[in-house]
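In: Fold the following and give me the result.
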Amino acid sequence: MSESARSYARDRAEILDLMARYLLAMDYHDCDAYAECFTEDGVLDYAMGRLEGREAIRAEARVFKDKVGEIFKDWQGDPAKLRHTIGQQAIRVEGDRAWNTGFWWEMTNGGPEGALATPSFGTYQDELARVGGRWLFTLRKIYNEFLPGRESGSVNPVRAMDAAADRS
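Out: Coordinates of the predicted model:
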């Protein structure tokens with residue numbers, strides 16, 4: 001395997017690790033770990049707004065559990081337990097910058113008698129930077145297919161990712 005291929009494989013593994021850390025931090029309400037997935041000036045663009053800067057993201061993460069609990073309920077009317085997963089990931093790496101797009105699903109215990117429910121899904125469009133040897137989000141835009149105005153659209157999102165990378 002060439003050094004270039006080894007480097008890409010290592011970068012891709014580190015980026016996928018960042019994705020896992022982000023989702024686990026969100027699902028287990030670890031506000032500090034969640035915020036640490038972003039650069040100091042990182043941007044989170046999601047259904048409840050656009051946040052700029054790690055500290056704004058950390059502050060929002062502190063109230064995220066309550067906000068989500070108002071939307072997603074279990075079968076008894078209590079806040080549902082959420083767990084996220086990711087699917088296909090297209091990752092483009094160029095030096096210390098990278099772009100990612102992929103599918104996500106949100107699962108809850110909101111089905112009948114606590115059964116699994118999948119109330120939401122969408123795509124991520126991310127821009128990342130390697131800072132101090134770690135990959136971090138500079139921009140994470142979350143599309144939600146179930147929310148009017150937040151859908152990903154009908155065009156393959158990999159094309160948007162490649163266009164963003166080509167502009168850089």
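In: In space, what's closest to residue 79 - neighbours in sequence excluded?
Out: residue 69 (3.0 Å; Cβ to Cβ, 6 or more residues apart in numbering). No exception for glycine: its C-beta is placed from N, CA and C like everyone else's.
In: for residue 151, helix, strand, or coil?
Out: coil (DSSP: H, G, I helix; E, B strand; the rest coil).
In: part of a helix, is the residue nearest to residue 79?
Out: Yes - applying three-state DSSP, one finds residue 69 inside a helix.
In: and the gap between it and residue 61?
Out: Residue 69 is 14 Å from residue 61, where distance means Cβ to Cβ, to the nearest Å.
In: Repeat that for residue 129.
Out: Residue 129 is 20 Å from residue 61, by Cβ to Cβ.
In: Who has more neighbours out of the two?
Out: residue 61 (20 against 17; other Cβ atoms under 10 Å).
In: how about the strands in this protein?
Out: For the chain, the strands defined by DSSP state E occupy 38-46, 49-52, 82-94, 97-108, 117-131, 134-144.
In: Any regions of the chain where pLDDT drops low?
Out: Applying pLDDT under 70 to the chain flags no residue at all.
In: just checking, what's the longest helix in it?
Out: Taking DSSP state H as the criterion, the chain has its longest helix at helix 3-27.
In: Could you name the helices and strands sitting against it?
Out: helix 31-35, helix 54-71, strand 82-94, strand 97-108, strand 117-131, strand 134-144 (3 or more Cβ pairs under 8 Å, 6 or more residues apart in numbering; DSSP states H and E).
In: correct me, but the residue nearest to residue 79 touches residue 82?
Out: No - counting by Cβ atoms under 8 Å, residue 69 stays clear of residue 82, with 9.2 Å between them.
In: So for the two, which sits in the more crowded spot?
Out: Ranked by neighbour count (other Cβ under 10 Å), residue 69 and residue 82 place residue 82 first, with 21 against 15.
In: From residue 21, how far off is the closest residue to the more buried one other than its chain neighbours?
Out: Once flanking residues are discounted, residue 82 sits nearest to residue 108: 5.4 Å by Cβ to Cβ, 6+ apart. Per Cβ to Cβ, residue 108 is found 21 Å from residue 21.
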